[in-house]
Structure formats: C-alpha cells, structure tokens
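Engineer: attaching a predicted model along with its sequence, questions to come.
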Amino acid sequence: MRRLFSLLCLLAVFCLAACSDERKSAPDGVVSLSPALTELVCHLGQEKRLVARSTACDWPESVKKLPTAGDFTEPELERLLAMKPALVVSNEFVNPKDADALRQAGIAVELHPCDGFDDYREWVALMGKLLDCPREADSELKRANDRIAEFEVELKNAQNKPLRALYVIWDSPLLTAGADSLPDAVGRLAGLENIVKTETGYPSISLEFVLKEDPDVIVWFAHGKDWKSNPSWGGIRAIREGRVLIPRDDSALLRPGPRIFDGIADLKSDLETMFAGRESAGDAQE
Amino acid sequence: MKTARIILVYLAAALAAAVCGVLFGAARIPLSEFIQDDALNPIVELRIVRTAAAAVVGASLAVSGLVFQAVLRNSLAEPYLLGVSGGAGLGAAGAILLGFGAWGFMSVPLFALLGAVTANVLVFAAVRRRTAEELLLGGVMIGTLASSLLMVLITFSHSRDMAGVVWWMLGSVQNVDPARQLAPAAVLLCATTVFLLFRAGDVDLLTFGPEYAWNHGVNARVMTVVLLALASLLAAVTVSMAGIIGFCGLVVPHIVRRLHGGSHRKILVPAALAGAVFLMLADILGRVASPVRELPVGMVTAAVGCPVFLWLLNRSRAGS
C-alpha cells in the first residue's frame, strides 16, 4: 500500500512538472492588444492560445469571437486581471503603470515596438520562443525576408524613377506619414518615394507644401473620408487628374503583420494599373 | 487721436498683413509665378483664401470678446464662455468619430456649428433669470458637460480618429471653403458690427451694470441676452470654420481698450481690425516657422500674444 502511494505521488509530481514545463514554454492564455500581433499569433498557427484581443483586432475573422480587453492605449485592467492570462503582448504604447499592475498579478507582459519590418522580424522570432513554435517562426522569418528581397530586386531592376507620393492618413487637418513611418517603408517597396522627407512619425503638414511638391500620386489611407468635397484639395494636380489610390485593404498596409507583403504586392499592382501607358513618373507631371 | 484716424491706421495694418499673408508661406514663389497658364497659381489662391479666413475669424473673435467683456464686466471673459467651445468640440468629434465625416467636407463644420449653437440654446434655456452672472455660470456648466461627453466619445474612439479630433480642436484656417463658410461668416461679422455700432451706447451703459443701464432707458436683460447670443453665434461660426482658437478673443479687446479707451463706438472697428491683423500674422508665423509642418494657429496666438500682452500690461501700469 505504501509503495503504491509512493508511486502515485511520484506520478503526480511528474504530471505536475510536465504540466508546469509545458505552461512555462507555451502559455495557453494569451492576450494580444495589437492587431498586427493578433494576426501574427494566428499566422503562426497559435490562435487556440488567444483568450482575448484588443478592440481593434479584426483579422482573421475568427478572432472577432474572442472577448475584447481594451486596446494598447488603454487596456481594460480589471477585465484582464479577471481573465488571468499567462501572457499579454502589445506594442510599447501601453501605459507602464498598467503593465506593472499586470506583472504584479503574475502575468507575463511583452511590450516592444511594432512599427516596421525590423520590428516585425523581431516579433516573429520572439513569438516563436514565447509560444513554443520555433519552426513556424523560422518559416515566417524566411518568408518575410524572401518577400522583402524580391521587392528590393524589383526596385533595383525598375526602369522608371519612383513615383512621388503623398500618404494621407487624415484629410482635415492634413495628417501624413513621415520619413520613418510604416506607410513610408511600405510605399518604398512598392516603388514610391515619400514627398515628406524631413519630418518623422505622422505629422500634420501644410497644404502649401503639398502644392509645392506636386506629388505624382496620393495614397489615401483616410478611410471613409471624401476628398472630392474639400475645396482646398482642388488645387492639387494629382487630385484634379484623379491620381488618388485607395488601397484595397488599408489594414494590411498599416499593420506590420503577416499580410503586409500581399498588401504591398496589391499596392504595386494597383499603381501599375493606374500608371499603365505612362513611360515614367515624369509623364504624370507633364 | 480721432476715431477715423485710428481706424485708418488699423486698416493700413490689416492691408499690410493681408499682403504679407499672400506673399509669404511655406513655399517661395516669385511674383512672376503668381499667374501660371493664365490662371492664379494654386498656392497663391490657397494663401488668399486662408488669409481672408484668418482675417474674418480674428475679427469675429475680437468683436465677440469685446462684447463678452463689456456685458459681463469681466476682464477674463472670452468668446467661448457660453459653452461654444465645448459644444462645437462635441459636435465635431461626434461627426468624426461616429463616421459622419464620410458625408462630405462640410459635415464636420456643420456638426460643430450645430453643437455650439445647441450648447448656447441650452444655456439660455437652462438659466431662468438670464442675468449676466447666471448666464456665465450656466455657460460654464454646459461647457463642462459638453467636455465630459467629448471625453466619453474620445474614450470609445479609434486612435486614428482621435488624432483627427485633437488636430481639429487645435485650430487651423487651412481648410476653409470660401463660398460655404467664409462668405456667410463675413456677412455675419459685418451685420453684427453694424448692429453693435448702432447700439454702442447701450453696450457702454451695460458696462456700468444692468441697474445703471436700466436707469438710462436700456432694457438691460433683453439687451444682455441679445448681445451675448450674437457674440456667441459669431464665436460658434468661427469655431465651425477654424476649430478652437484661443487667446485672440481674450487679449485683442483688452489691448485695444487699453490703447483707445472704453467707448465702444470708438473701439469696435479698431478691435475687429486688430483681431484680423493678429490672426493673419499668427497664421503667417505658423506657416513660415516650419516649411513642412504647420504650427497650429491657436498655439501661435498664445505663444506670441501672451508676452505682448504682459508687456503692454506692465507698460501701462508703469505709465499710470
């Protein structure tokens, strides 16, 4: 009887150790407060680990069934604490006090920038470790590097000068994407050159500057806003000549997630269609 | 100095500021390029509209502030006191965050105007006795309520939409529609100024208190309501055009009153012209300070106006 009891105890200890090991290496309760990271978790085949998402996470469609827990600017602390997730991932904009409160409750919190291709690569590698899926992460890293290399080669071989572009994030007042922003990096791979070179982030710029720079194309990210009824925009040649490109899915281009490369390919293809028959960007300006 | 001569000086300053407004900006354009292909250069066209908008907004805010300070007999009174800024902010944010922006360019200004006017109507409806002090308190309350509702909207908004609301509230004369916004605002400004010139004596009497005005044959309560409603409408229209631009309506009337005395018949037009000059110059500064980014005009008005006002304040104290 004593032997049997000892054996059962040993078995229980092994089971507990095995469970705790698995929990340590691959947490089941994951909350993502960033749409790009939610997409990445799903892309790595780890959607089953997600227990909550941010209010902005809407892709893939299946994540909409998950409960929300605020967003990266304002996580819903009480709800998060009640869920007792093992891991919360988000970008660096989460209030440090909120992050500390989560850590004090024993929840692992990973907050890192998520703004460009380098950030994306770092997140893929990190997710591979955090979610214990190194093979999937390696495969995604290789895919990302290959796609970026393909775009770079196409850029090198391009005959024409890059088209000069204005990225409109908001129309009134005019908010655009600056030199170090994600739309700038995405546009560069699609063969565009940002007219805003000296400003970084998402600055509010003057319409006069846009008129002076006379962009070849306007990439319209101001979802649901109408440029046609704004009289101030009428002076811009690209507007008058209808060279305004609305991305097929702006969320694919504005989120550094797994869909971004398809988004760039779509943007390139739409630009080619728009400028078909024009020998160079110079033609657009003539 | 005689009134006509004072007005001429201010008019000359306004014309000079307007010319600078057309000549200077983010881009350097030689005079020879003002006309291109038999048409006005679009940059020059843009500058003309925004300079005119700055003039009308500045003048409207100054006139509105002058009336508020006179009727409320309060040096801290400004055009947004009766809930105009809170109401307009709520209206604009509602339009942006609830997706009405897709209705067209005019949807946000119209919602802002609607919000400002609604806030004003609520103030007048909520306050029973409608004395200057009670209207002032009512305005503060309705403004606070509107600001809290605005915060609720912002809390539930998407971060990108929130940036739009914040930038809208910082104020700008860049995106003004000349036909649908500027022209009606200019007509309202002219009509209000003419009305106030006719009633300048009543405004003077109200500055001594309602009883004093009543004893001199002015229906103080009615006149107070009419004047505050007109001044608030003027402010509401400017907010719907250019967002919330602080300081101009507070400081310009002060400066003009200190320089030329308290007779409203004498200082009304100079105050309007001084407001126009002040905002045109602030707009030019905001444009040329950075060739790419635009400094919000509301920020420039405070940054430039504050030291100028303190200097004037100390200078006049030293003189007295």
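Structural biologist: Good, I have the coordinates.
Engineer: when you work out contacts or count neighbours from here on, use the C-alpha atoms and nothing else.
Structural biologist: OK.
Engineer: so what are the domain limits for chain A?
Structural biologist: Residue ranges for the domains of chain A, per automatic domain parsing: A:24-140, A:159-285.
Engineer: now render those domains as TSV, adding distance to B:Leu281 and mean pLDDT.
Structural biologist: Compiled in TSV, the domains of chain A are given as follows (distance: least, Cα to Cα, whole Å; pLDDT from 0 to 100):
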stretch	distance to B:Leu281	mean pLDDT
domain A:24-140	37	91
domain A:159-285	16	88
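Engineer: of all these, which one is nearest chain B?
Structural biologist: domain A:159-285 (4.2 Å; Cα to the nearest Cα).
Engineer: is that closest one anywhere near chain B?
Structural biologist: Yes - contact of domain A:159-285 with chain B is found when judged by Cα under 8 Å from any Cα of the partner chain, involving A:170, A:172-173, A:196, A:199, A:203-209, A:211-212, A:224-232, A:235-236.
Engineer: mind putting the domains of chain A in CSV, mean neighbour count included?
Structural biologist: Shown next, in CSV, are the domains of chain A (neighbours: other Cα atoms under 10 Å in any protein chain shown):
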stretch, mean neighbour count
domain A:24-140, 18
domain A:159-285, 19
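Engineer: circling back: out of the residues of domain A:159-285 next to chain B, which sit inside helices?
Structural biologist: Mapping the residues of domain A:159-285 next to chain B onto helices (DSSP state H) picks out A:Leu207, A:Glu208, A:Phe209, A:Leu211, A:Lys212.
Engineer: name the SS class of residue 276, please.
Structural biologist: This is for chain A. Of the three states, A:Ala276 takes coil under DSSP: H, G, I helix; E, B strand; the rest coil.
Engineer: what do you get for A:Val168?
Structural biologist: strand.
Engineer: surely it touches A:Ala222?
Structural biologist: Yes - between A:Val168 and A:Ala222 there is a contact at 6.1 Å, judged by Cα atoms under 8 Å.
Engineer: coming back round to it: nearest to A:Thr73 among the ones in helices among the residues of domain A:159-285 next to chain B?
Structural biologist: Closest approach between these and A:Thr73, by Cα to Cα: A:Leu207, at 29.7 Å.
Engineer: which ones are touching the closest one?
Structural biologist: A:Leu174, A:Ser232, B:Gln174 (Cα atoms under 8 Å, 6 or more residues apart in numbering or on different chains).
Engineer: any idea how far it is from B:Ala229?
Structural biologist: Relative to B:Ala229, A:Leu207 is positioned 35 Å away (Cα to Cα, to the nearest Å).
Engineer: can you check B:Leu72 too?
Structural biologist: Taking Cα to Cα, one finds B:Leu72 at 13 Å from B:Ala229.
Engineer: neighbour count winner among the two?
Structural biologist: For the pair B:Leu72 and B:Ala229, the greater number of neighbours falls to B:Leu72 (22 against 19), based on other Cα atoms under 10 Å in any protein chain shown.
Engineer: and the residue of the stretch 201-320 of chain B that's closest to chain A?
Structural biologist: For the stretch 201-320 of chain B, Cα to the nearest Cα, closest residue to chain A: B:Arg293, 4.2 Å.
Engineer: now the helices for chain A?
Structural biologist: Using DSSP H, helices in chain A cover A:2-25, A:35-43, A:77-83, A:96-104, A:117-130, A:134-157, A:182-189, A:207-213, A:237-240, A:250-254, A:260-274, A:281-285.
Engineer: tell me the pLDDT of B:Arg130.
Structural biologist: Note for B:Arg130: predicted pLDDT of 75.
Engineer: no, scratch that, I was asking about B:Ala39
Structural biologist: For B:Ala39, the model assigns a pLDDT of 85.
Engineer: what is it paired to in the beta sheet?
Structural biologist: Beta-bridge partners for B:Ala39, by DSSP bridges, are B:Gln36.
Engineer: and for it, the neighbour number?
Structural biologist: 9.
Engineer: ok, B:Val127 next?
Structural biologist: By other Cα under 10 Å, 15 other residues sit near B:Val127.
Engineer: need the contact list for it.
Structural biologist: Counted by Cα under 8 Å, 6+ apart, B:Val127 has contacts B:Glu134, B:Leu135, B:Gly138.
Engineer: chain center to the helix or strand harbouring the last one: distance?
Structural biologist: Assessed by DSSP states H and E, B:Gly138 sits inside helix B:132-155. Mean-position distance between helix B:132-155 and its chain equals 19 Å (Cα atoms, centre = their mean, to the nearest Å).
Engineer: just the C-alpha atoms of the helix or strand that it is followed by, please, in CSV.
Structural biologist: Next helix or strand after helix B:132-155 toward the C-terminus (DSSP H and E): helix B:159-170. Output of helix B:159-170 as CSV, limited to C-alpha atoms (Å, rounded to 0.1, in the frame of the first residue of the first chain):
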residue,chain,number,x,y,z
SER,B,159,-6.7,56.2,-32.0
ARG,B,160,-6.5,57.4,-35.6
ASP,B,161,-9.9,59.2,-35.4
MET,B,162,-8.8,60.6,-32.0
ALA,B,163,-5.8,62.3,-33.7
GLY,B,164,-8.2,63.9,-36.2
VAL,B,165,-10.3,65.3,-33.3
VAL,B,166,-7.3,66.6,-31.4
TRP,B,167,-5.9,68.3,-34.5
TRP,B,168,-9.3,69.8,-35.4
MET,B,169,-9.5,71.3,-31.9
LEU,B,170,-6.1,72.9,-32.2
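Engineer: quick one: helix B:159-170 to helix B:132-155, angle?
Structural biologist: Interaxial angle, helix B:159-170 versus helix B:132-155 (axes from the mean of the first three to the mean of the last three Cα atoms, to 10 degrees): 150 degrees.
Engineer: any weak-confidence spans in the stretch 1-150 of chain B?
Structural biologist: Flagging of the stretch 1-150 of chain B using pLDDT under 70 yields the residue ranges B:1, B:101-102.
Engineer: check which helices and strands the longest helix along chain B sits against.
Structural biologist: Longest helix of chain B, by residue count under DSSP H: helix B:42-72. Packing contacts for helix B:42-72, counted by 3 or more Cα pairs under 8 Å, 6 or more residues apart in numbering or on different chains; DSSP states H and E, involve helix A:207-213, helix B:3-23, helix B:132-155, helix B:183-198, helix B:200-206, helix B:220-242, helix B:248-260, helix B:264-288.
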